[in-house]
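Asks: Okay, sequence plus prediction incoming.
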Amino acid sequence: MSKIISRYIFKEIAIPFILILFVLTFVLLMGKILQIMDLMVNKGISVFVIAKLIIFLMPSFMMFTIPIALLISILIAMGQLSADNEITALKASGISLLQIYYPVAIASFLTFIFTIIISHFLVPQSNFATKRLIFDIAQQNASVGIKEKVFNADFKGILLYAEKIPVDGNYMEGVILSDDRITDEPNTIIAKKAYLVSDMEAMTVKLRLENGSIHTVSRDLKNYRKIDFKTYDVNLNLAGVITSLNEESKSSTDMTMSELLNKMRKPGLDEAAISELAIEVHKKFSIPLSCIFFAILALPLGIKSHRAAKSRGFSLGLIVVSAYYLLRIGGEALVETGRLSPAVGVWTPNLFFAVLGIYLFYMAYKEISPLHIAKIYLWHKL
């Protein structure tokens, strides 16, 4: 009988979990959808490459959406069971709250394992693969976007003109380049030949100019300088060609746990760099463990009977998640300013919600209302 009940409760959690996970991941993806559409429409990127880009972005989204989806699905499932008086029927049949928690614990453990796999292995690899793919797209568009006898302003701070480009497009002839990146001394570069040189390791693209001259005029038009060269490299800022879809991520998110620990041991790192790496190390454990703590908290919160169980569960879940991530952001900010240690800053939200969840679970198990205790306390004080 208990196995049937456990399977039933697990099913009640699993179905909304899958739906909410899909919706939340799609909502986060919508923040990138305009950039993705720009790649398809204006940059001519194929649907296959766009699909690869979306797949690479998914792990970094799911690391956050899985704990949130678990919390909300438990609140909805428990709320629905309470609204249908099924929780009351189970208790009347001798089923304790610990037995009801058993399938919830299984669901939280499975999501914990899945999230820790994502945070330790999939997120670093997918972030690095995303950057490589973005670089490949940018490099492709840098060469395709340059047309002969047309002024090209795709590169930030640079205006490029090529008199002739062969059919194979490997180089340009009769190149004129206006470089305004140095505001005090804008340069005009004239070269007989130029071609693009990419560095996959450093993820940079350079325009290599041959047999030309650099002409510099000061802003007050009083000084003029000319420099002749045989070879001259100009670094191209590809932000104008394609906007990085991963610009919010830190460099530390591209590293596995072993890489983070090895880098932290390197001498010469400043305090800020060590704190950033330490935050990432702790996050690889604290975010997956939030699945366990959210499950403990969601069960006593969800079994409160309410007619609108789904809407109440969703709204209550958003409130809990908002509070959790506000504490997390605040803690990480204090770590970055040196006011807290990385362990305290990252783990405080988990500790707070773990203590709160255990307390509410105990009160629900003993069927004691916190409001009733508060009334008794106030009555004795008066």
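Replies: Thanks, I have the structure now.

Asks: going forward, measure contacts between C-alpha atoms and count neighbours the same way
Replies: Fine.

Asks: got the contact list for residue 7?
Replies: If you count contacts by C-alpha atoms under 8 Å, 6 or more residues apart in numbering, residue 7 has them with residue 103.

Asks: Validate this expectation: it resides in a strand.
Replies: No - according to DSSP: H, G, I helix; E, B strand; the rest coil, residue 7 belongs to no strand; its state is helix.

Asks: Does residue 194 touch residue 177 like I think?
Replies: No - between residue 194 and residue 177 there is no contact, the gap being 10.5 Å when judged by C-alpha atoms under 8 Å.

Asks: Those two: who's more crowded?
Replies: Neighbours per residue, other C-alpha atoms under 10 Å: of residue 194 and residue 177, the larger number sits with residue 194, 25 against 20.

Asks: The helix or strand hosting the more buried one - which strands sit beside it in the sheet, and in what orientation?
Replies: Here residue 194 is covered by strand 187-199, with elements defined by DSSP states H and E. Note on strand 187-199: by DSSP bridges, its sheet partners are strand 172-179 (antiparallel), strand 204-217 (antiparallel).

Asks: a markdown table please, covering those and showing mean pLDDT and distance to residue 337.
Replies: Output for the strands paired with strand 187-199, formatted as a markdown table (pLDDT from 0 to 100; distance: least, C-alpha to C-alpha, whole Å):
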| stretch | mean pLDDT | distance to residue 337 |
| --- | --- | --- |
| strand 172-179 | 88 | 37 |
| strand 204-217 | 86 | 31 |
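
Asks: Buried deepest among those, which one?
Replies: Each of the strands paired with strand 187-199 was assessed for mean neighbour count using mean count of other C-alpha atoms under 10 Å. The highest is strand 172-179, with a mean of 20.

Asks: before we move on, the earlier item: work out the gap between the strand holding residue 194 and the centre of the chain.
Replies: Offset of strand 187-199 from its chain centre (C-alpha atoms, centre = their mean, to the nearest Å): 36 Å.

Asks: Please identify the buried residues of it?
Replies: Within strand 187-199, the residues that qualify as buried by neighbour count (16 or more other C-alpha atoms under 10 Å) are 187, 188, 189, 190, 191, 192, 193, 194, 195, 196.

Asks: average pLDDT for it?
Replies: Predicted confidence along strand 187-199 averages 85 (mean pLDDT).

Asks: Contacts for it, please.
Replies: Counting by C-alpha under 8 Å, 6+ apart, strand 187-199 makes contact with 139, 143, 170-180, 204-217, all of which sit outside it.

Asks: Spatially central residue in this protein, please.
Replies: In the chain, the centroid-proximal residue (C-alpha atoms, centre = their mean) is residue 60; its distance is 4.7 Å.

Asks: Surely it is in contact with residue 123?
Replies: Yes - counting by C-alpha under 8 Å, residue 60 touches residue 123, with 5.5 Å between them.

Asks: Give the helix, strand or coil label for residue 156.
Replies: Here residue 156 is recorded as coil under three-state DSSP.

Asks: Look at it and say how many residues are nearby.
Replies: So residue 156, with other C-alpha under 10 Å, has 15 neighbours.

Asks: so how far is residue 264 from residue 349?
Replies: 24 Å (C-alpha to C-alpha, to the nearest Å).
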